[in-house]
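In: 3D model of this:
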Amino acid sequence: MPKTPCPAAPAAILALSATLAGPAHADWQNTRWGMSAGEIEGLAGIRPATPELGFDSESQEALYAMDYTAAGIATLAAFLFARDDRAKGLAEVQLRVADSANCAKALGRLRATYGEEESADEGSLSSYHVWMPKEHGNRIVYMKLGGDYCSVTYQPILDGNTPGNF
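Out: Predicted coordinates for the structure are as follows:
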């Protein structure tokens, strides 16, 4: 599939996009989209997230976090919920790569797992790559900012019948 440029992502969207993991299957690892905060809280290794971790945005907040290693890459995983309606449950999982020296490895792992990106935008200060493998049911976004930050975000692929979606 040919690559198409991504529209420039404003800072708020960039703040939302960050995470890494192995193959996900319409959920992320041992979580399910829509899980309640209480269900997430009961998972092994989970701890409360704090705003100082830097995962929160205007529309979402990280309620829990955990250390997570995938393909030998250490990350901090955050579990995000909609600020306006936590009852909707788990909306996104962001994985922030702990050591920026592993960013190229993380991107290579994603390409090996999901194939060529549906869209990519490579700039001098940032890069943004998106996969939407229908068989996995997830939208996967890799984002790198400058030389010292990269992350991967897992989100559910929403169908066109869901209000607010295209």
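In: Could you pull up the residues touching residue 41?
Out: residue 64 (CB atoms under 8 Å, 6 or more residues apart in numbering). Every C-beta, even on glycine, is put in place using the N, C-alpha and C of the backbone.
In: Which positions within stretch 83-90 qualify as buried?
Out: Residues of stretch 83-90 classed as buried under the neighbour-count rule (16 or more other CB atoms under 10 Å) are 89, 90.
In: what does that stretch contact?
Out: Contacts of stretch 83-90 (CB under 8 Å, 6+ apart): 31-37, 40, 58-61, 63, 79-82.
In: Would you list the buried entries among these?
Out: Using 16+ other CB under 10 Å as the burial test, these include 31, 33, 35, 40, 60, 61, 63, 79, 80, 81 as buried.
In: Just put the residues you listed in CSV and tack on distance to residue 110, pLDDT and secondary structure.
Out: Supplementary listing: those in CSV, determined by distance: CB to CB, whole Å; pLDDT from 0 to 100; DSSP: H, G, I helix; E, B strand; the rest coil:
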residue, distance to residue 110, pLDDT, secondary structure
31, 19, 92, strand
33, 19, 94, coil
35, 24, 95, coil
40, 24, 95, helix
60, 22, 95, strand
61, 25, 96, strand
63, 25, 96, strand
79, 20, 97, strand
80, 19, 96, strand
81, 24, 96, strand
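In: quick check, nearest of those residues to residue 155?
Out: Comparing the buried ones among the contacts of stretch 83-90 against residue 155 with CB to CB places residue 33 closest, at 8.1 Å.
In: I'd like to know how many residues surround the nearest residue to the closest one once chain neighbours are set aside.
Out: Excluding its sequence neighbours, the residue lying closest to residue 33 (CB to CB, 6 or more residues apart in numbering) is residue 156, at 4.2 Å. When neighbours are counted by other CB atoms under 10 Å, residue 156 registers 19.
In: who's residue 156 bridged to?
Out: residue 138 (DSSP bridges).
In: what's the answer for residue 93, then?
Out: Going by DSSP bridges, residue 93 forms beta bridges with residue 79, residue 154.
In: residues in contact with it?
Out: Per CB under 8 Å, 6+ apart, neighbours of residue 93: 19, 21, 28, 29, 31, 77, 78, 79, 80, 153, 154.
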